[in-house]
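> What shape does this take:
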Amino acid sequence: YRRLEAARSKLMAAGRGLEIASPLATLNRGYAVVTRPSDGLIVRDAGSVAIGDELETRLARGRVISQVTNRDS
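Numbers count the residues shown, from 1 in each chain. Got it, this is the predicted structure:
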């Protein structure tokens, strides 16, 4: 019985760790993930987009499609 409880405890702790590290948990904290729909790559640098590029922003609840009108790299 103790071994089962110890294993259950380890499993629960691992689950909590995965939940904390989850990209969805990050989005719930107010962050967003921005990609270029043309190639699906994540945008990490303003210099990697051009005026007129379409961007998709994934939020905790939903997505926003936008177009680059200005950038500061």
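
> right, and residue 64 touches residue 35 too?
No - judged on CB atoms under 8 Å, residue 64 makes no contact with residue 35 at a distance of 11.5 Å. The way it works is simple: take the backbone N, C-alpha and C, and place the C-beta from them, glycine included.

> Common neighbours of those two, please.
residue 56 (CB atoms under 8 Å, 6 or more residues apart in numbering).

> if you count what's nearby, which of those two comes out ahead?
residue 35 (16 against 11; other CB atoms under 10 Å).

> Quick check: phi and psi on that one?
Per-residue torsions, residue 35: phi -130, psi 160 (degrees, to the nearest 10).

> Can you name the residues that contact it?
Residue 35 touches 41, 42, 43, 55, 56, 58, counting by CB under 8 Å, 6+ apart.

> got TSV for these, with secondary structure, neighbour count and distance to residue 16 too?
Output for the contacts of residue 35, formatted as TSV (DSSP: H, G, I helix; E, B strand; the rest coil; neighbours: other CB atoms under 10 Å; distance: CB to CB, whole Å):
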residue	secondary structure	neighbour count	distance to residue 16
41	coil	11	31
42	strand	10	26
43	coil	17	30
55	strand	16	33
56	strand	16	30
58	strand	17	24
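
> quick check, nearest of these to residue 25?
residue 58 (13.5 Å; CB to CB).
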